[in-house]
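> coords below, sequence missing:
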């Protein structure tokens, strides 16, 4: 009869424990938001705000992330290739991946992305999600294999960059194509025109006959001596890098914006203002030959000034020419130019701003556009956008200071050529406008887009992850038919409230099942009373298991087995299968103690009333001398 009563009591105890959950909700539904892919452990919301009174369609948004601030080391791949972006599609009610994105550049703790968003409503915001934490994932965004160029004010070549020494001594020329070489170190001009009109003096022959030479002018044409072709320049080293765009300290780039005047990362590079930057191995050299002049010399065409007439008995004609020389007036070498502002990068990994202008061999897929300044050289100015320059010319003046030279004439002894009367011609004019392009290489100039939207990055959210962090029995030794409390600690490491089932096992036998709702990033301790009446004496292991929640990837911590429990003769508190005087002494030593007291041992509290008293001694005394098996 006692056995029947005990069995009924056990059944009632188990039913009661199983029907008393910590939290019970009819038809429970998980409150966590959709998690795009369970293979990614973390995400952060990004709130994108459109301040304009118009919808933005297929709009490119720049997202720059300081990984030390937003992503702890080890949570993301070192190349940031596992970062993905998603958005919530209101039409389908699904979270979808953004596939049209480009990793603009990364280095150390810095990474920059361009993301194309299909639609951003006017004067409102949308929420994107940035996922990371999947070491097996690689980059799947847009690819740019282009090469970009930057000047540097340092003699040190940073890792990942190459020196563009093959184009040193050549000015970059904005073009729609890349790599065309042209220009010349020197240039000349054509001097051409007609002299003024002069009359040769009358000449009286030996027989008193006066011969008059008529009025005339001469045509002339010559090429000036060469002069250097270099406009005012400032030299800097030129570096190049393929792919990833990021800026380091001492880089010097251009901008068509004014952001550098109020930036802690940039400042105007004043030494270069008014100059054209010339790639060179020497840093800071100033040169150029403006203004400049040309020298020239030559002889006029032959002209006839009159005749024939007699000269010292020789019948000659008046055909002659003049030798001339001179120096042109000063003129300025200023090739076709477009003004951009040079800026100096003051800190490593300075954030890329709208208006930053780089040289490149192609245009990136999104976020950058070509600067339309074809066939112009870039001139450094504090006011970007101005343009001017072009081919130049020189004024000139010269005087023929030689006597004219006679040619032709017949004498009975030989043809005659000699000098007749002295006269002077003068000439003024403008030289030709010959090509004066300095040595150049053609290159594209690309400008970083302006973005009108703003964004903010929210706190890190963890993917669904429920874990058993602790399981233990209050007693490691339990008298047969008595109870012990099983204590289970459960943590919700994720960022969402989760609903799941907990099962506690003794060996493989479940003794409790409960449905639990646990708030995000919190933990709970559950205590279940285990009545040992239906279990044989012996050693048992205890374990707890929680069912995985949707999208949970790490389920290794959903099961925890820890510790053992011995069920023996009530009073055998040292588990030696024999109730003896040592058991009585142990209980007597702890007599009167309660939980928290140094002498209290839950194994000695046989009846589990949280007080080691006379009842514990009586239970032990009643079983004194007993041994197992029972």
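That came through, no problem. Predicted, not measured: the structure shown is a model, and the values here were computed from it. Numbering: from 1, shown residues only.
> any idea how far residue 442 lies from residue 182?
Separation of residue 442 from residue 182 (Cβ to Cβ, to the nearest Å): 8 Å. Any C-beta I mention is one placed from the backbone N, CA and C, and that applies to glycine too.
> These two: who's more crowded?
Remark: of residue 442 and residue 182, residue 442 carries more neighbours, 19 against 14, as counted by other Cβ atoms under 10 Å.
> Tell me the spacing between that one and residue 45.
45 Å.
> hmm, back to that, shared neighbours of residue 442 and residue 182, which are they?
Shared contacts of residue 442 and residue 182, defined by Cβ atoms under 8 Å, 6 or more residues apart in numbering, are found at residue 173.
> what's the closest non-adjacent residue to residue 522?
Once flanking residues are discounted, residue 522 sits nearest to residue 492: 5.7 Å by Cβ to Cβ, 6 or more residues apart in numbering.
> How about residue 384?
residue 256 (4.4 Å).
> give me the low-pLDDT residue ranges for the chain?
1-33, 200-214, 304-319, 401-422, 630 (pLDDT under 70).
> now the helices for it?
Under the criterion DSSP state H, the chain contains helices at 2-18, 67-70, 581-589, 614-622.
> Enumerate the positions of the second one that are buried.
I take that to be helix 67-70. With burial defined by 16 or more other Cβ atoms under 10 Å, the residues of helix 67-70 counted as buried are 67, 70.
> contacting residues around that helix?
With contacts defined as Cβ under 8 Å, 6+ apart, helix 67-70 is touched by 44, 73, 76, 80, 108, 109, 110, 111, 457, 460.
> what about residue 120, how many neighbours?
Neighbours around residue 120, by other Cβ under 10 Å: 21.
> List the residues that contact the closest residue to residue 294 other than its chain neighbours.
Leaving out its chain neighbours, the residue that sits closest to residue 294 by Cβ to Cβ, 6+ apart is residue 224, at 3.7 Å. For residue 224, the contact set (Cβ under 8 Å, 6+ apart) comprises 188, 189, 190, 191, 294, 295, 296, 328, 394, 431.
> Mind listing residues that contact stretch 187-199?
Stretch 187-199 is contacted from outside by 213-227, 229, 294, 296, 298, 300, 305, 322, 328, 393-394, 396, 400, 423-427, 429, 431-436, using Cβ under 8 Å, 6+ apart.
> Just the closest of the contacts of helix 67-70 to residue 622, please.
Of all the contacts of helix 67-70, residue 622 sits closest to residue 460, with 59.8 Å by Cβ to Cβ.
> does the closest one really touch residue 42, like I thought?
Yes - under the criterion of Cβ atoms under 8 Å, residue 460 makes contact with residue 42 at 5.7 Å.
> Need the overlap of contacts for the two.
Taking Cβ under 8 Å, 6+ apart as the criterion, residue 460 and residue 42 both touch residue 71.
> re earlier: number of residues surrounding the residue nearest to residue 384?
So residue 256, with other Cβ under 10 Å, has 19 neighbours.
> what's the distance between it and residue 602?
77 Å.
> and if you look at residue 352?
64 Å.
> Compare neighbour counts for those two and give me the winner.
Under the criterion of other Cβ under 10 Å, the comparison of residue 352 against residue 602 puts residue 352 first, with 22 against 18.
> Tell me who's in contact with the more buried one.
Residue 352 neighbours (Cβ under 8 Å, 6+ apart): 62, 64, 104, 105, 112, 245, 246, 247, 448.
> Pull out the buried residues from these.
Neighbour counting over the contacts of residue 352 (16+ other Cβ under 10 Å) leaves 62, 64, 104, 105, 112, 245, 246, 247, 448 as the buried ones.
> Let's see which of those end up in strands.
The members of the buried ones among the contacts of residue 352 that map onto strands under DSSP state E are 62, 64, 104, 105, 112, 448.
> nearest spatial neighbour of the fifth one, skipping sequence neighbours?
Right, residue 112. residue 104 (4.2 Å).
> I'd like to know how far residue 365 sits from residue 389.
For residue 365, the distance to residue 389 - Cβ to Cβ - is 33 Å.
> same thing with residue 84?
49 Å.
> Tell me which of the two has more neighbours.
residue 84 (22 against 18).
> where's the more buried one relative to residue 140, distance?
For residue 84 relative to residue 140 (Cβ to Cβ), the value is 8 Å.
> From the buried ones among the contacts of residue 352, pick the one nearest residue 155.
Ranked by distance to residue 155 (Cβ to Cβ), these are led by residue 247 at 18.0 Å.
> can you pull up the bridge partners for the nearest residue to residue 83 once chain neighbours are set aside?
Spatial nearest neighbour of residue 83, chain neighbours left out: residue 132 (5.0 Å); criterion: Cβ to Cβ, 6+ apart. Beta bridges link residue 132 to residue 42 when assigned by DSSP bridges.
> And residue 132, how close does it get to residue 450?
Residue 132 is 28 Å from residue 450, by Cβ to Cβ.
> the more surrounded of those two?
Neighbour count, other Cβ under 10 Å: between residue 132 and residue 450, residue 132 has more, with 23 against 10.
> OK, contacts around that one?
40, 41, 42, 43, 71, 75, 76, 77, 80, 82, 83, 84.
> repeat that for 10 Å
40-44, 65, 67, 70-71, 75-77, 80-84, 460 (Cβ atoms under 10 Å, 6 or more residues apart in numbering).
> Just the buried ones out of those residues, please.
Here, 16+ other Cβ under 10 Å leaves 40-44, 65, 67, 70-71, 76-77, 80-84, 460 buried among the contacts of residue 132.
> wait, doesn't residue 431 sit right on residue 393?
Yes - between residue 431 and residue 393 a contact is recorded at 5.0 Å, counting by Cβ atoms under 10 Å.
> So for these two, which residues contact both of them?
189, 190, 328, 329, 331.
> So the second one versus residue 292, what's the distance?
Read that as residue 190. 17 Å.
> go on, the third one?
Relative to residue 292, residue 328 is positioned 9 Å away (criterion: Cβ to Cβ).
> who's more crowded, the two?
residue 328 (23 against 18).
> residues in contact with the more buried one?
Counting by Cβ under 10 Å, 6+ apart, the residues that residue 328 touches are 189, 191, 224-225, 227, 292-296, 393-398, 430-431.
> how much space between it and residue 123?
64 Å.
> and if you look at residue 82?
Residue 82 is 34 Å from residue 123, by Cβ to Cβ.
> same thing with residue 462?
For residue 462 relative to residue 123 (Cβ to Cβ), the value is 33 Å.
> who's more crowded, those two?
Higher neighbour count among residue 462 and residue 123: residue 462, with 17 against 11, using other Cβ under 10 Å.
> Do I have it right that that one meets residue 551?
No - at 11.3 Å, residue 462 does not count as touching residue 551 under the criterion of Cβ under 10 Å.
> Perfect, I'm done here.
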